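S.K.: Here's my sequence, what's the structure:
(chains A and B)
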Amino acid sequence: MAKTTQRAATSGSLVSLAWRNLWANRRRTLITLSSIVFGVFFAILMTALQDRNWADMIDLAAKMGGGHVTLQHPEYQDAPTLRHSVQEVSELAAAVEGAVPIDAVRPRIVGNLMLSTAHESFGAGFIAYDPALETSETLAILNGVAEDEGLRPDDRQGILLGTKLAYNLDAEVGDKVVYTVTDRNGEITSALCRVRGLVTTGAPSVDASLVLLPIEPLREVIGYGPDEANQVAIFLSDQRSTERAVSALVSALRDDVAVLGWNKAQPELAGFIAAKVGGAWVVEGLIGILVAAGIFNTLFVSVMERMREFGIMLAIGWSPGRLFRLVMLESLWLGVVGLILAGLVTVGPYLYLEKTGIDISKMLTDESMEIAGVAMAPVLKVGIFPMSLVIILGAAMFAVLASGIYPAWRAGRINPVETIRLV
Amino acid sequence: MSDSPQQANSIIRLNSVGKVYQQGKLQVTALDGVSLDVEPGEFLALCGPSGSGKTTLLNLVGALDQPSSGSIELEGHNLERMSRKELSELRRDRIGFVFQAYNLMPVLSAYENAEMVLWVQGVDPQIRRDKVMGLLAEVGLEGLEDRRPNELSGGQQQRVAIARAIASDPVVVLADEPTANVDSETAIKLLDLMERLNRERGVTFVFSTHDPLVMERARRIVRLVDGKVQEDSQAA
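M.R.: Model prediction:
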């Protein structure tokens, strides 16, 4: 029965017919498009805000602490004492560089001490680092040190204090302080230092309890060898590759070293971010469902209004499958146009928020300035991961197409006898 | 009632066709044992009062509905034995429809509406173009090809519908009150057109109608009353 069949010719026309049908009711189409644009705009900006800020916060946490990946003694996590150290850190660093692509690897000693001046005594946490190796690129805390202050590589007596700690101790730059620490053998030992600078991180709890020391003199004080540390901080170019790096290092490194991703080393921060990200996905999911329900409603009403038209098409020989494809193509057009418009509407605000951001410093109190010991950025900026963008656009297109399936099926199931009148 | 004798070369053959509709708890008999043969080239009018079964009969012949009893054959094919897909193809390739309310696609031009069946058939675009342009000229719509239905008069829309109906060279055109929505002057012109197509192209037309103008032109009149053929007569 069929005559010359040239599917290429007809499929192009079906696409064109779907496009025209879409604009047969311009107002309805514009309303539907606006809901797609709103949903995608909201999802992209919300996700971009999270992607950028959580990534920055994770990087900052890594740079304030033990890196994206931390190597330490297997028992250090449960019993964080100076006794649990790692030997031959140079050899370990070389092995790390051979196993995974990294930005930097730095040995450190971290722990607690008691700090005293002539006026006061306070407990604090310390990070001992190599001033010759480390900059703010790997130890972000150094950003909080004034330019004319800090530890020189050859400084054996220097110490940096958090601003609030110095205030509590009534100490100033140039003053002498004494720290007391339990060494690797459990003996209490002390050293005299001179304050070379003050550190302001923006996180109040950190500023009240932070001490930075040069690593080499501390090794001698606590009885460590010259190639010994209790933490090796590894920095990656992208925090999202942390899990992959951990897996690779676990199999590449010796057994007397524990490998921890930042999320394991800082579970409080990881939990906070996971809760925020999860909450945001729930909100975005709910908005997505509402938008999809709106699109479904529009498409369904559009099909119901065209029952007679579809009945005629079936009567003159359209197959139910072709009608299904027509309505699905209308959905596809809605999705394509909606995503293009969403892109046009989103790009301006996105670029502004990426470059300028929103200053929230006036809205933050001292307590809300930090999350799990990491200072929040005072200016919120956006930066979306390509994969997040792909997921959002894919989900939006899926929602639009899924919304069209039932109306399209209904269009093909219309009984022409009921929708047209032959006599 | 006088059923017509069955002819060997009939293009449409109804054998004791019955159709019963369920309306709530009531069973309504729309057609009751109708037997009818339509031969190629006929210009046949189905007439009768409202509720006599004209609509139902055209729906059944047009493969839009299934009979409750009896059988319908189109060019020897028993419609009951055909799948949904085959029935779609049958309507597309062998039956033309002209509706009372024109029922053109509002988003398509006159040309595209007339082209639609050929397009669905997958006919080569150039062949389609030549054929449709010729048809539109034949039905008197030259120069109006690009107009949308809302830019055409009722008579012009019905001409487009006729062009659409005959574009695929169907074996029969089923016309639903084709003159009901137009004035008598336009009705005469439409009948002239269909008569000419019937005479020159040999297109078989089956109308359902109340219009005396149509009945005057019909060469065969089948009168239905209460779902039965009451009269089947040839014009003089």
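
S.K.: I'd like to check which residues are in contact with the residue of the stretch 51-200 of chain A found nearest chain B.
M.R.: Of the residues in the stretch 51-200 of chain A, the one nearest chain B is A:Asp51, at a distance of 42.2 Å by Cβ to the nearest Cβ. To be clear about C-beta, it is placed using only N, CA and C from the backbone, and glycine gets the same treatment. Contact analysis of A:Asp51 by Cβ atoms under 8 Å, 6 or more residues apart in numbering or on different chains lists A:382-385, A:388.

S.K.: so where is the chain shaky, pLDDT-wise?
M.R.: With no chain named, the answer covers chain A. Within chain A, the segments meeting pLDDT under 70 span A:1-12, A:364-377, A:421-423.

S.K.: nope, chain B please
M.R.: For chain B, counting by pLDDT under 70, the residues that fall below are B:1-8, B:236.

S.K.: and B:Arg147, which of the three is it?
M.R.: Remark: B:Arg147 carries the secondary structure label coil [criterion: DSSP: H, G, I helix; E, B strand; the rest coil].

S.K.: My read is that it contacts B:Leu108, right?
M.R.: No: counting by Cβ atoms under 8 Å, B:Leu108 is not a contact partner of B:Arg147; they are 10.5 Å apart.

S.K.: Between those two, which has more neighbouring residues?
M.R.: Neighbours were tallied for B:Arg147 and for B:Leu108 using other Cβ atoms under 10 Å in any protein chain shown; the higher tally belongs to B:Leu108 (20 against 16).

S.K.: Confirm that that one sits in a strand.
M.R.: No: B:Leu108: not assigned to a strand; according to three-state DSSP it is coil.

S.K.: which SS class is A:Glu216?
M.R.: Secondary structure, three-state DSSP: A:Glu216 is helix.

S.K.: check contacts around it.
M.R.: In this structure, A:Glu216 makes contact with A:130, A:156, A:226, judged by Cβ under 8 Å, 6+ apart.

S.K.: Of those, which is the nearest to B:Leu213?
M.R.: A:Asp130 (106.1 Å; Cβ to Cβ).

S.K.: Number of residues surrounding whichever residue of chain A sits closest to chain B?
M.R.: Across chain A, the shortest distance to chain B (Cβ to the nearest Cβ) belongs to A:Gly317, at 2.3 Å. Neighbour count of A:Gly317, defined by other Cβ under 10 Å: 26.

S.K.: returning to what we had before: using JSON lines, please lay out the contacts of A:Glu216 together with distance to A:Pro214.
M.R.: As requested, these are arranged in JSON lines below (distance: Cβ to Cβ, whole Å):
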{"residue": "A:Asp130", "distance to A:Pro214": "7"}
{"residue": "A:Arg156", "distance to A:Pro214": "7"}
{"residue": "A:Pro226", "distance to A:Pro214": "13"}
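
S.K.: Just put these in CSV and tack on neighbour count and distance to chain B.
M.R.: Formatted as CSV, the contacts of A:Glu216 follow (neighbours: other Cβ atoms under 10 Å in any protein chain shown; distance: Cβ to the nearest Cβ, whole Å):
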residue, neighbour count, distance to chain B
A:Asp130, 16, 74
A:Arg156, 13, 85
A:Pro226, 9, 83
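
S.K.: Can you classify A:Ile127 as helix, strand or coil?
M.R.: strand.

S.K.: okay but it is in contact with A:Ile215, surely?
M.R.: No: counting by Cβ under 8 Å, A:Ile127 stays clear of A:Ile215, with 9.1 Å between them.

S.K.: shared neighbours of these two, anything?
M.R.: A:108-109.

S.K.: then stretch B:176-195 to CSV, C-alphas only?
M.R.: As requested, the backbone C-alpha atoms of stretch B:176-195 are provided in CSV (Å, rounded to 0.1, in the frame of the first residue of the first chain):
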residue,chain,number,x,y,z
ASP,B,176,-19.3,14.3,5.4
GLU,B,177,-22.0,16.9,4.5
PRO,B,178,-19.5,18.7,2.4
THR,B,179,-21.8,21.5,1.6
ALA,B,180,-23.4,22.0,5.0
ASN,B,181,-21.2,24.9,6.1
VAL,B,182,-21.2,26.9,2.9
ASP,B,183,-23.8,29.1,1.2
SER,B,184,-25.8,27.6,-1.7
GLU,B,185,-23.7,29.4,-4.4
THR,B,186,-20.5,28.0,-2.9
ALA,B,187,-22.2,24.6,-2.5
ILE,B,188,-23.0,24.5,-6.2
LYS,B,189,-19.4,25.3,-7.1
LEU,B,190,-18.1,22.6,-4.8
LEU,B,191,-20.5,20.1,-6.3
ASP,B,192,-19.5,21.1,-9.7
LEU,B,193,-15.9,20.5,-8.7
MET,B,194,-16.6,17.1,-7.2
GLU,B,195,-18.7,16.1,-10.1
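
S.K.: Which positions within it qualify as buried?
M.R.: For stretch B:176-195, the buried set under the neighbour-count rule, 16 or more other Cβ atoms under 10 Å in any protein chain shown, comprises B:176-182, B:186-187, B:189-191, B:193-194.

S.K.: what's the most distant pair in those residues?
M.R.: Of all pairs drawn from the buried residues of stretch B:176-195, the widest gap by Cβ to Cβ lies between B:Asp176 and B:Lys189 and measures 18.2 Å.

S.K.: Show me where chain B has its strands.
M.R.: Under the criterion DSSP state E, strands of chain B are mapped to B:12-23, B:26-38, B:43-47, B:69-74, B:77-78, B:95-98, B:172-176, B:205-209, B:220-225, B:228-234.

S.K.: So for A:Glu172, which of the ones you listed sits nearest?
M.R.: Proximity of the strands of chain B to A:Glu172 was assessed by Cβ to Cβ; the nearest stretch is strand B:95-98, lying at 97.7 Å.

S.K.: just to revisit the earlier point, look at the residue of chain A closest to chain B and give its secondary structure.
M.R.: From three-state DSSP, the assignment for A:Gly317 is coil.
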